[in-house]
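Participant: give me a 3D structure for the following:
(one chain, ligands or ions: 4)
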Amino acid sequence: MMKDHEKIYRSVCRICHGGCGALLTVREGRLVKVAPDTHSPFNRGRMCIKGPATPEMMYHPSRLLSPLKRVGARGSNQWEKVSWDVALSDIAGRMDRIRSESGPESITIGQGTGRHHYMHTVRFANTLGTPNWYEPGLANCFIPRITVSRLTYGGFVVADYYGDIKPKTILFWGHNPLVSGPDGELAFPVRRALDAGSYGIAVDPRRSETAKHCKMWLPIRPGTDCALALAMIHVIIREGIYDKEFVEKWTVGFDKLSDHVTDCSPQWAQAITGVLAQDTVEAAKRYAMEKPSVLEWGVSIEQNPNSLQTVRALSLLRGLTGNIDIPGGDIFGMEIIRPYPVLKNLLPEGMNAKRIGSDTFKLLSGPRAYLPSAHIPGLFRAMRTGDPYRIRALLIFGSNPMVTVANTREVYESLLKLDLLVVTDLFMTPTAALADYVLPAALWPEVNQLMEIPLVAGNAVIAQQKVVQVGECRPCEEIMIDLAKRLNLPGAEETLESILNYRLEPLGVTFEELKSKHIIFPPHEYYKFEKKGFRTPSRKVELYCKSLERAGYDALPTFKEPPESPDSQPELAKTFPYVLTTGSRRSEFFHSEHRQIESLRRRRPYPIAEIHPATAEPHGIGAGDWITVSSPRGRIRMRAEVTDDIRRGVVNVDHGWWFPEKEGPDFGVWESNANLLTSNAAPYDPAFGSYQLRGLLCSIEKIDAAG
Ligand SMILES: Nc1nc2c(c(=O)[nH]1)N[C@H]1C(S)=C(S)[C@@H](COP(=O)(O)OP(=O)(O)OC[C@H]3O[C@@H](n4cnc5c(=O)[nH]c(N)nc54)[C@H](O)[C@@H]3O)O[C@H]1N2
Ligand SMILES: Nc1nc2c(c(=O)[nH]1)N[C@H]1C(S)=C(S)[C@@H](COP(=O)(O)OP(=O)(O)OC[C@H]3O[C@@H](n4cnc5c(=O)[nH]c(N)nc54)[C@H](O)[C@@H]3O)O[C@H]1N2
Ligand code: SF4
Ligand SMILES: [Mo]
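Facilitator: Numbers count the residues shown, from 1 in each chain. Ligands and ions are numbered 1, 2, ... in the order given. Below is the predicted model:
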């Protein structure tokens, strides 16, 4: 029951990429409870375990509460508290000096994945005049899926769980949305669809939480997804089960594609992927014939150096079967509000060419990329070596590259070379501990923002409202606006609220008004292509993609064996005989976060490596044993989980591990961090610069009791 001195606010959780409707109980200025909103069309009264843990995050004793300035040597983890004014005027002064001495491009703006301030960070970089901003996803997360969707059928699509007609078949590909949503959609509608009878097929080396709710599990060898997708295309074409009318009227390049996949039989794919040919045929038939079907694809298809063509092959499945823009299929976003004003035009034209990676990775860093950003390996190299020019300053808003970027050792060496490192975060992290200034960020109930859901599609808009304030914490948007004012940057006069109002104008509401309405979710419009065609140069689905050809990339997808795999490096595989995949998401944590949140950590106290009993047995490894997992680059300690729910010979390790309870500045970052095993070296995907985080080689060993 609500008490007099309590107030309940409706908002939207943003601990992960966000989207669950949340009820926030505030008592005497303090957030005391976060509960799921039963009226939310998305989570309908449910939440994952992280949502209700918000008050624990908010008032955690180690939360950063005021700006800190480094006093000892860099990385000595000695700080003094300073006022915002002292911190920001010193930071702005140093940025100004670096900008005039070495050009704005020598300042990089970094950020984490999908935060509320995501687009404001891009805006800040543009107005500062630097082409170099990044986040640790991008090349390896989401940009390939978004870009390829735009090239192939003119826009990003999401599964339609909300209309009268529901998906009959759901093909989950390298994606575990019951745990990891949303990269598009939240977990709950997916779960409702599966419970209501949608036929699930999971392509995953693990029998993931999602795979456990599916009728079919295809345990693929990591890194070989493109081959399996091509085999499904082969089956769909050879069996004549593609949507003939749709293909005829609404696609280009069918004959070329058909010729191209002639040799990609399910048997050919079986030898590469390990997926049984008959399962490939069955899955392809289901997807093509038991319509409407949706393809829920995940980040696994992007964490390899053939990401463009892997994502392309998968995108073609939608086009061939006509499962786009139809009720219960994969649908385009309605984009009901204006895009965030990132002030792209303020970036001087010449700066596009200076963006690290722009000459090589056109679809990540080129001027016409969807969201041009710098290529991370090149950026960190520029910090270390000054090639092609020195990156002297890095301002990070909510990211922990010491844990989340491949090759931690190099990240560390790069950060130490900077003249200025500023990290804005909720907690002290192994990255923040290396900074000159650490600034305290606001947590989601301390922020006014708009949440568009499903992600990127933006079919609904929800008000996220500030209901409390802790210490001196500030939203990143406000910190950037303050810095922009001190640096006299264009656009600095606009408040966050005026930006939110500008975005909402097409809906005829202000942010204040949306707070009381809470959500706007208009009915969906299907079959838009029938009136306007697809938003591609041919107005059709581009099975054969001329735009890619013009940009110098293959117009049709081809499988390439990952550069590090048992097949491509048989010699190395003698020492490192297993296939390593990293980073499968866990409900308790968001990437490197939440290890200090007791209620979550208690449920998953240790970093886990999952292995099959047949893989564990020759090493004498039993459940719960500590083991080392080694790759050609490093070695980490994990607890073994011995399980049949993983393909034999595959080792799946958690990513994101450090130990906030251990002493800084390292906080145990060199012990169990998956990115000590990964590589950021070439070869890269030629369009996106993606590199291998999944499907690498590794070995395992039991640590004896004494070790
Ligand atoms: N080996 C391996 N590495 C991976 C992956 C993998 O699968 N395998 N996945 C990659 C992918 S897809 C991604 S997207 C990246 C993610 O990489 P990051 O975005 O760097 O991941 P996080 O650990 O979430 O780091 C976010 C930091 O921001 C802080 N934070 C949270 N909310 C806020 C806020 O509102 N404001 C501010 N200022 N700070 C905030 C958190 O405390 C945390 O320290 O990791 C990548 N790294
Ligand atoms: N709780 C929680 N939710 C999150 C995040 C988080 O850290 N925690 N991170 C967010 C972010 S930034 C992202 S990108 C998304 C990612 O979310 P997802 O796209 O679901 O990605 P993962 O959970 O990393 O991997 C999905 C599945 O791919 C399988 N897999 C591993 N390697 C391969 C492979 O080579 N091929 C195939 N086919 N499958 C493979 C794994 O076993 C796993 O079950 O999650 C988002 N949501
Ligand atoms: S799924 Fe994401 S938005 Fe929903 S409660 Fe969990 S962390 Fe919050
Ligand atoms: Mo991501």
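Participant: give me the pLDDT for the closest residue to ligand 1 within the chain.
Facilitator: Relative to ligand 1, the nearest point of the chain is residue 583 (2.2 Å; Cβ to the nearest ligand atom). Placement of C-beta: from N, CA and C, glycine included. Looking at residue 583, its pLDDT is 96.
Participant: same check, this time on the one 4 residues further on
Facilitator: Listed pLDDT for residue 587 reads 96.
Participant: same check, this time on residue 545
Facilitator: Taking residue 545 on its own, its pLDDT is 98.
Participant: am I right that the residue of the chain closest to ligand 1 is in contact with residue 655?
Facilitator: Yes. With contacts counted by Cβ atoms under 8 Å, residue 583 reaches residue 655, the gap being 3.9 Å.
Participant: shared neighbours, those two?
Facilitator: Common neighbours of residue 583 and residue 655, counting by Cβ atoms under 8 Å, 6 or more residues apart in numbering, are residue 674.
Participant: if we can go back for a sec, and the residue of the chain closest to ligand 1, how many neighbours?
Facilitator: 23 (other Cβ atoms under 10 Å).
Participant: kindly report the same for residue 550.
Facilitator: Residue 550, neighbours per other Cβ under 10 Å, totals 10.
Participant: then residue 641?
Facilitator: 18.
Participant: what of residue 186?
Facilitator: That count, for residue 186 with other Cβ under 10 Å as the rule, works out to 26.
Participant: report the contact partners of it.
Facilitator: 19-20, 42-43, 177, 453-454.
Participant: please redo it, this time with the cut-off set to 10 Å
Facilitator: 13, 16-20, 40, 42-43, 46-48, 161, 177, 453-455 (Cβ atoms under 10 Å, 6 or more residues apart in numbering).
Participant: helices - which of these land there?
Facilitator: residue 177 (DSSP state H).
Participant: could you list which of the contacts of residue 186 also contact ligand 3?
Facilitator: Taking Cβ under 6 Å from any ligand atom, the overlap between the contacts of residue 186 and the neighbourhood of ligand 3 is 13, 16, 18-20, 47-48.
Participant: now, which of these sits nearest residue 634?
Facilitator: Residue 634 has its nearest neighbour among the ones next to ligand 3 among the contacts of residue 186 in residue 16, at 28.2 Å by Cβ to Cβ.
Participant: as CSV, the ones next to ligand 3 among the contacts of residue 186 with neighbour count, distance to residue 63 and pLDDT would be great.
Facilitator: Shown next, in CSV, are the ones next to ligand 3 among the contacts of residue 186 (neighbours: other Cβ atoms under 10 Å; distance: Cβ to Cβ, whole Å; pLDDT from 0 to 100):
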residue, neighbour count, distance to residue 63, pLDDT
13, 27, 18, 97
16, 24, 19, 95
18, 23, 20, 93
19, 25, 24, 94
20, 31, 22, 95
47, 23, 21, 96
48, 21, 21, 96
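Participant: rewinding a little: taking the contacts of residue 186 one by one, which sit in strands?
Facilitator: Residues of the contacts of residue 186 located in strands (DSSP state E): residue 453.
Participant: how about stretch 160-178, does it reach ligand 2?
Facilitator: Yes. Stretch 160-178 lies within reach of ligand 2 by Cβ under 6 Å from any ligand atom, at 173-177.
Participant: count of neighbours near the nearest residue to residue 541 once chain neighbours are set aside?
Facilitator: The shortest distance from residue 541 to any non-neighbouring residue, by Cβ to Cβ, 6 or more residues apart in numbering, is to residue 319 (3.9 Å). With neighbours defined by other Cβ under 10 Å, the count for residue 319 comes to 27.
Participant: which phi and psi does residue 319 have?
Facilitator: phi -70, psi -40 (degrees, to the nearest 10).
Participant: now residue 24, what's its secondary structure?
Facilitator: strand (DSSP: H, G, I helix; E, B strand; the rest coil).
Participant: so what pLDDT did the closest residue to it other than its chain neighbours get?
Facilitator: Of all residues not flanking residue 24 in the chain, residue 9 sits nearest, at 4.6 Å (Cβ to Cβ, 6+ apart). Model confidence at residue 9, given as pLDDT, is 97.
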